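> Need a 3D model of the sequence below.
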Amino acid sequence: MFKSGVDGLDRLSEKLARTFNETALNEALLASGKSVIEAARTNLQDGTPPDTRTGALAASLFAETGPDGNVRIGTPLDYGWHLEMGTLTRPAHPWLAPALDDQRAGLVQQIGAWLSGSVKRAGR
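Numbers count the residues shown, from 1 in each chain. Coordinates of the predicted model:
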């Protein structure tokens with residue numbers, strides 16, 4: 001008699017779910033985002049433009065996981081964007097993009113560690 005279905009499909013599905021644990025990935029990405037924030041705060045306090053005057057911009061930085069699972073890094077203060085990108089009357093003084101560039105290797109390492117740990121757990 002012909003049997004429909006694939007033996008072991010439920011077990012494979014369980015292993016894949018363990019392999020790609022989105023919660024663990026979000027935690028790794030959020031930790032990486034916090035590393036970018038620390039680098040950005042350093043960029044804001046290094047004594048060259050855009051050095052901080054009050055510390056409000058550095059204090060306002062946040063990293064959060066959005067509803068789509070992506071990590072957002074930013075500030076609610078408008079002048080953070082103006083410093084980063086420039087305006088019609090003021091040149092750009094990037095502070096966030098260089099922080100991301102400085103932390104890129106660490107970000108890749110964090111994601112690699114998550115993937116490695118996920119694959120090891122799935123093999124159990």
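> mind listing the helices in this structure by residue range?
For the chain, the helices defined by DSSP state H cover 9-19, 22-44, 56-60, 78-85, 96-122.
> between those, which gets nearest to N70?
helix 22-44 (7.9 Å; Cβ to Cβ). The way it works is simple: take the backbone N, C-alpha and C, and place the C-beta from them, glycine included.
> Could you name the helices and strands sitting against the closest one?
helix 56-60, strand 62-65, strand 71-74, helix 96-122 (3 or more Cβ pairs under 8 Å, 6 or more residues apart in numbering; DSSP states H and E).
> about what we covered before: lowest-confidence stretch among the helices of the chain?
Comparing mean pLDDT across these, the weakest is helix 9-19, with a mean of 65.
> still on that earlier bit, out of the helices of the chain, which one sits most buried?
Of all the helices of the chain, helix 22-44 has the most neighbours on average by mean count of other Cβ atoms under 10 Å, namely a mean of 18.
> for it, the distance to its chain's centre please.
Relative to its parent chain, helix 22-44 has a centroid offset of 5 Å by Cα atoms, centre = their mean, to the nearest Å.
> Now do it: everything it contacts.
Identification of contacts with helix 22-44 by Cβ atoms under 8 Å, 6 or more residues apart in numbering yields 50-52, 57-58, 61-65, 69-73, 95-96, 98-100, 102-103, 106-107, 110-111, 113-114, 117-118.
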